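1. Return a 3D structure for these sequence lines:
(one chain, ligands or ions: 1)
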Amino acid sequence: MNSRDGVTAVDEGKLGKLLAELTLEEKVGLLTGADFWSLDAIEKIGLRKVLLSDGPNGVRGTTWDERDTSLLFPNPSALSATWDPEQVRRAGALMGAQARDKGVAWLLAPNINIHRSPLGGRHFECYSEDPQLTAAIVEGFVSGVQANGVAVTIKHYIGNESETERMTYDARISEKALREVYLVPFEAGVRAGAWSVMASYNSVNGASLTDNRRLLTEVLKEELGFDGAVVSDWFATRSTAASANAGLDVAMPGPQSPWNEALVAAVRAGEVAESVVDDKVLRVLRLAARTGYLDGFAGPAPSTTPADAGEQLREIAARAMVVLRNEGGVLPLAPSSRSRVAVLGPNAAVLTAQGGGSAHVNPTHITSPLAGLREAFGDSVEIDYREGVSTQRILPAIPADVARDPETGEPGFRVDFVSADGTVLATERRLASRLVFMGTVPPCTAEVRVRTDLTVAEGGTHQFSVSGSGDYSLRIGAAEPHAISLTSADDDPIENLVKPPEHRVSAELVAGTINVEMRMVAPDHPMVMFGLNHEAPREAADVAFAAAVEAARNADVALVFVGTTDEVESEGFDRVDLLLPGRQDELVSAVAAVNPKTVVVVNAGAPVEMPWRDEVAAVLWAWLPGQEGGGAIADALTGVVEPGGRLPTTFPAVGADSPVLSTQPVDGVIDYAEGSTFGYRAYEKAAIAPAYPFGHGLGYSTWDYEGITAAETESGAVTVEVAVRNTGVRTGREVVQLYLGGEGADGNDPLRLVGFASVNADAGESATARITVDRRILARWDESAAAWRVAGGSRTLVAARSASDRRLTTEIELKDSAV
Ligand code: BGC
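-> Just a heads-up that it's a prediction; the model follows:
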């Protein structure tokens, strides 16, 4: 569905009449949030309150509360690993439907920044290192969400590829790289009809995005024809007239903001023309009309989350998984009855289903791989589970099933908001021991008090901790309370959410029930976040490690679940290396040494080093697969679903091989000096072999490439047909990738992806992949002419299974032309 195809076209005359009814104060009032997650209603013109929500892991809604649950999707890089815009459209449609159920009109997703460096903290939240793959995936997602009448927000516009100093760094990007790489996904989003764009925190070429008139008004609105609303990232607006004149439309969140009265005054002082404000209001009203929040406009058809949403998520997650290695066809697993399977590793019983940061949602459940395998194998297979190593930085949160509200005896935690004179202003019974309040702590709260009766199964030395910046007291049983004071390392409020400081205390306990009370004193920020954590006495690390290796030795198959956590992959900070946390590498090698049938499942969003990859029989990359991840992993391992994913980004052998390794600004500047030569193109240029190349993924079939033809159409596009044959023993899916060579002054520029198509074929059958490459994709940005141009000459078209596994080539002759 496209905003320009008439389906969502809005009667502009009618919008203009509504605008004319508003005073300047009413107009400006609409342009800053009423609170964290909404724009105020204006009854006199029939505008209802518009709710916004993050994305992109799901639709969190307007609270951060375990009682307000949402579907948790596979992470966005997993979606792009399908190389299947149709699957992504399906995921988008589910997300749109869920947004409708939650009354959310405006979804803050997708995140379409580029995988420039594997260290980027939000890598897991983005699609790919390749602009064309990202563009195709964006189009699928946008059309899926918006077909349900919910606005997407393509974010973060632009140059927001890393997190260090993210509020202030200046990305220096050449016009050529901007055009050929970073703008491509945004253009695709606008082409697909996106109703909103988010302006990022950082600057590009000297001007902060919220103040960047060239990029917001000249490029996005005038050149690309974007007719939706530009919303700031949260707290990103730092000026009044400059941002208003630059083309920002909505400053979030509210009610405090540099706009409001200051913007009214700026208009009255002649610093901002009222017509500029009018254009912003029209853009917001247009979004409201499109989403059904403005009376007198036909809203979208009803839509609700389908009953089989969980099954759909499970299938999408399994399809996205990537078979990186599969020696001797050890996968799919077919355990016979009475076989013994060792299930090992820190991510087996505790799946990392999502990354950290604002994308977080609270699902009703998360199926672990262990649970998924138990269900898949039933009683006939003996599962021997061992954690082996532990990777959590902060002690675990307390599960609600061992905690009781001390006053009612109901499961969970009693949270009181207490005033200075001791009056309880409000009480909540919560089911989580880590709490986040985004503007929802009642006014005049002097203390937030959390109490619970905790049942501990065994006596010994227990660890408790408080996490999150602030002043606290923590009392365990009858002991004297501990006074605790914690400070976050950074002013960015997200820091406290994703990387909170922690203070631990230990307590000698006997088995039984103990009363625990934590008080947070003087919460003084609109975002209040803290955690109460606990760990029972545990096995010594070496004992746990040895037990896992022993289990592997005695098993027919050893499945090792390694991975990251949301303490490693998160918004708010970049990674410092690509190593798996803790002793996981050591565990895999030790297991592989005692069991030749070792299968490693990697549960991570962004690349990690896998130094043991040639020691093991198989490696399945499972991503951060969302709430149904455990079932999806079992489906992929047993072949119920073909894990047909292909890598959307290059996996380096060692982190140091990555073409762009540093995400640290130097004197506030990140120089995108590599231009468009990063990712697989840089590996090719430097002749460095990655661990697994861009586009790699074995699936469960093998394929012969039998023929390629290419022809230029009248419009100047090139159509390519590639015949492939499934030479495996199962029905399978192949992603035929098309790369273009022969570019550059000497014709030696590294290849780049210009298209792809997937085909399905039964064992022994052949199929034809048809790919159309638009003229614009064949063009490069000509800096001297400031225009797209196809340079005349011959090019090579390469049909490939990955950026490195090239199968067939053909030549075409292109005529010189502007595009
Ligand atoms: C993130 C955005 C997000 C916003 C609202 C910011 O910290 O950068 O992606 O939409 O918060 O949660």
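
2. drop to CA atoms for contacts and neighbour counts, all remaining ones
-> Noted.

3. low-scoring stretches of this structure, by residue?
-> Along the chain, the parts satisfying pLDDT under 70 run over 1-8.

4. Quick one: residues contacting the residue nearest in space to the middle of the chain.
-> The centroid of the chain falls nearest to residue 125 when counting by Cα atoms, centre = their mean (2.1 Å). Residue 125 sits next to 56, 57, 75, 76, 77, 111, 355, 359 when contact means Cα atoms under 8 Å, 6 or more residues apart in numbering.

5. And for residue 387?
-> 344, 345, 346, 347, 348, 349, 544, 545, 548.

6. Mark which of those residues are part of helices, please.
-> 346, 347, 348, 349, 544, 545, 548 (DSSP state H).

7. ok, which pair from these is furthest apart?
-> Using Cα to Cα, the ones in helices among the contacts of residue 387 span at most 15.4 Å, a distance reached by 349 and 545.

8. of the two, who's got more company?
-> Using other Cα atoms under 10 Å, the more surrounded residue of residue 349 and residue 545 is residue 545, with 24 against 20.

9. And residue 585, how far from the ligand?
-> 32 Å (Cα to the nearest ligand atom, to the nearest Å).

10. and what of residue 456?
-> For residue 456, the distance to the ligand - Cα to the nearest ligand atom - is 36 Å.

11. so that residue makes contact with residue 507?
-> No: between residue 456 and residue 507 there is no contact under Cα atoms under 8 Å: 11.9 Å.

12. Between the two, point out the one with more neighbours.
-> residue 456 (18 against 13).

13. what pairs with the more buried one across the strands?
-> residue 512 (DSSP bridges).

14. OK, contacts around it?
-> 402, 510, 511, 512, 513, 514, 536.

15. ok, of the residues you listed, which one's closest to residue 319?
-> Among those, and counting by Cα to Cα, the member closest to residue 319 is residue 402, at 36.1 Å.

16. Tell me how many other residues crowd the residue of the stretch 651-800 of the chain found nearest the ligand.
-> Nearest residue of the stretch 651-800 of the chain to the ligand, counting by Cα to the nearest ligand atom: residue 663, 16.5 Å away. Neighbour count for residue 663, taken as other Cα under 10 Å: 23.

17. And for residue 746?
-> Residue 746 has 7 neighbouring residues, counting by other Cα under 10 Å.

18. Run through the residues of the stretch 51-200 of the chain sitting next to the ligand.
-> Contacts of the stretch 51-200 of the chain with the ligand, taken as Cα under 6 Å from any ligand atom, map to 54, 108.

19. Please enumerate the helices of the stretch 51-200 of the chain.
-> Applying DSSP state H, counting those that start in this stretch to the stretch 51-200 of the chain gives helices spanning 76-81, 85-101, 131-146, 175-177, 184-191.

20. And the stretch 551-700 of the chain, by the same measure?
-> Under DSSP H, counting those that start in this stretch, the stretch 551-700 of the chain gives helices at 584-594, 629-638, 680-686.

21. First-to-last residue distance for stretch 145-165?
-> In stretch 145-165, first residue to last residue: 31 Å (Cα to Cα, to the nearest Å).

22. What of stretch 574-588?
-> By Cα to Cα, one end of stretch 574-588 lies 25 Å from the other end.

23. what comes into contact with it?
-> By Cα under 8 Å, 6+ apart, the residues outside stretch 574-588 that reach it are 118-122, 162-164, 345, 388-391, 545, 549, 560, 562-564, 568-569, 600, 607-612, 654-655, 663.

24. Any of these buried? List them.
-> Neighbour counting with 16 or more other Cα atoms under 10 Å marks 118-122, 162-164, 345, 388-391, 545, 549, 560, 562-564, 568-569, 600, 607-610, 654-655, 663 as buried within those.

25. What sits closest to residue 682 if chain neighbours are left out?
-> Once flanking residues are discounted, residue 682 sits nearest to residue 659: 6.2 Å by Cα to Cα, 6 or more residues apart in numbering.

26. Look at that neighbour and say how many residues are nearby.
-> 21.

27. Show me where the stretch 351-500 of the chain has its strands.
-> Secondary structure of the stretch 351-500 of the chain (DSSP state E, counting those that start in this stretch): strands at 382-386, 403-404, 413-418, 424-430, 434-438, 447-456, 460-467, 470-476, 482-486.

28. What of the stretch 551-700 of the chain?
-> 557-563, 598-603, 618-621, 669-671.

29. quick one: which of those strands is nearest the ligand?
-> Of the strands of the stretch 551-700 of the chain, nearest to the ligand by Cα to the nearest ligand atom is strand 669-671, at 17.9 Å.

30. before we move on, the earlier item: can you redo the helices of the stretch 551-700 of the chain as CSV with mean neighbour count and distance to residue 775?
-> Compiled in CSV, these are given as follows (neighbours: other Cα atoms under 10 Å; distance: least, Cα to Cα, whole Å):
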stretch, mean neighbour count, distance to residue 775
helix 584-594, 21, 46
helix 629-638, 28, 38
helix 680-686, 20, 21
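
31. Between these, which one is closest to residue 284.
-> helix 629-638 (37.2 Å).

32. List the contacts of the closest one.
-> For helix 629-638, contacts defined as Cα under 8 Å, 6+ apart pick out 74, 314-315, 317-319, 321, 331-334, 351, 353, 366-373, 376, 622, 625, 641-643.
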